[in-house]
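In: show me how the following folds:
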Amino acid sequence: MKHYELTYIISPETTEEEVKNLGEKINRFILEENGKIEKISAPLRKKLGYPVNKKESGFLTTLRFSLAPEKLATLKKKLKKEAKIIRHLILIKKIKKEIPERKNLPITKSPFPTLEKNGEKRIKPKKVELKDIDKKIEEILKNNESQ
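Out: Alright, predicted model coming up:
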């Protein structure tokens, strides 16, 4: 079963009693297809952003449900047959998985690793001057020439 969200707009000419009955009818459509209703929002009268079927307002309702993907086509057909629904949209919803809490992690002030590893202290390398490097190179070269 996949999770879906159905949003539909009901014509503003319908009464609140008819809106309630239509909501129950849509719920029955889903249950007849062996779906599971998860959340229903109450219908709200809204002014639409643009005219839909020459209507400036309507009752907006959102419904979350689970249904087998192959049965979604029959639900869409039933929704299209309803004359009072002027627009509907079905979206696939992804369920967010809970992220387990991380426990017992060391908290360090610095984002960089410390110089200690497994309880042993590592020694910082000494800074070397450029003069010392030149002397060492000369010694190596002299040793190579004498060989």
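
In: in three-state terms, label the residue nearest to the spatial centre of the chain for me.
Out: In the chain, the centroid-proximal residue (Cα atoms, centre = their mean) is Lys96; its distance is 6.0 Å. Under DSSP: H, G, I helix; E, B strand; the rest coil, Lys96 falls in the coil class.

In: so where's the protein shaky on pLDDT?
Out: In the predicted model, the chain carries pLDDT under 70 at residues 99, 102-125, 147.

In: how does it divide into domains?
Out: 2-92, 118-146 (automatic domain parsing).

In: which stretch among those comes nearest Glu101?
Out: Among the domains of the chain, the nearest to Glu101 by Cβ to Cβ is domain 2-92 (24.6 Å). All C-beta spots, glycine's among them, are computed from the backbone N, C-alpha and C.

In: buried set for the longest strand seen in the chain?
Out: In the chain, with assignment by DSSP state E, the single longest strand is strand 55-67. Buried residues in strand 55-67, counted by 16 or more other Cβ atoms under 10 Å: Gly58, Phe59, Leu60, Thr61, Thr62, Leu63, Arg64, Phe65, Ser66, Leu67.

In: circling back to that earlier point, let's have the domains of the chain in JSON lines, adding distance to Glu101.
Out: Formatted as JSON lines, the domains of the chain follow (distance: least, Cβ to Cβ, whole Å):
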{"stretch": "domain 2-92", "distance to Glu101": "25"}
{"stretch": "domain 118-146", "distance to Glu101": "26"}
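
In: tell me which of those sits most buried.
Out: domain 2-92 (a mean of 15; mean count of other Cβ atoms under 10 Å).

In: ok, back up a step: any idea how far the helix or strand just after the longest strand of the chain is from the chain center?
Out: Using DSSP states H and E, the helix or strand that follows strand 55-67 towards the C-terminus is helix 72-81. Helix 72-81 sits 27 Å away from the centroid of its parent chain (Cα atoms, centre = their mean, to the nearest Å).

In: just the angle for helix 72-81 relative to strand 55-67, thanks.
Out: Orientation of helix 72-81 against strand 55-67 (axes from the mean of the first three to the mean of the last three Cα atoms, to 10 degrees) gives an angle of 160 degrees.

In: packing partners for helix 72-81?
Out: strand 2-10, helix 16-32, strand 85-92 (3 or more Cβ pairs under 8 Å, 6 or more residues apart in numbering; DSSP states H and E).
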